[in-house]
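> build me a model from this:
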Amino acid sequence: MASSYDPHKHLEKKAEKHMRCGMHVRFLEECLSSGIVPKGLQLNLRVNIGKDSNELQSSIDRLLNKVSLEICEKNKDEQHKKTRQLQIEVE
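Just a heads-up that it's a prediction; the model follows:
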């Protein structure tokens, strides 16, 4: 059975993917402007070193949040590149 290539269907799929990527970029931009890290990009590490681990844990949580925001920024940049490439392909 030979597969039939439908250029209109292919273009439609590219356009849908472009739209989804664009929406993802806007979502990540909103998260970053609010200082929010999406759940899937949050880093989590728990330490338990005796009685004084609360202060250490707070410090680690701040570091993890900073790194999570940086990961979110990089993800947004990559999604933006992907969106631009898809735009070129759709045109």
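> what distance do you get for residue 87 to residue 65?
Residue 87 sits 33 Å away from residue 65, taking CB to CB, to the nearest Å as the criterion. Just so you know, the C-beta spots here come from the backbone N, C-alpha and C atoms, and that holds for glycine as well.
> hmm, I was thinking of residue 77
Separation of residue 77 from residue 65 (CB to CB) stands at 19 Å.
> before we move on, what about residue 59?
Using CB to CB, we find residue 59 at a distance of 11 Å from residue 65.
> and the residue nearest the centre of this protein?
residue 75 (4.3 Å; CA atoms, centre = their mean).
> wait, that one touches residue 41, no?
Yes. Under the criterion of CB atoms under 8 Å, residue 75 makes contact with residue 41 at 6.6 Å.
> how far away is residue 17 from residue 9?
Counting by CB to CB - residue 17 and residue 9 are separated by 13 Å.
> could you do residue 27 as well?
27 Å.
> returning to that earlier point: contact partners for the residue nearest to the centre of the chain?
Going by CB atoms under 8 Å, 6 or more residues apart in numbering, residue 75 touches 28, 41.
> now name the helix or strand holding it.
Using DSSP states H and E, residue 75 sits in helix 53-90.
> for that helix, which positions count as buried?
By 16 or more other CB atoms under 10 Å, the buried positions in helix 53-90 come out as 60, 68-69, 72, 75-76, 79-80, 82-83, 86.
> now those in TSV, with distance to residue 51?
TSV is the format used below for these (distance: CB to CB, whole Å):
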residue	distance to residue 51
60	16
68	28
69	30
72	34
75	38
76	40
79	44
80	46
82	48
83	50
86	54
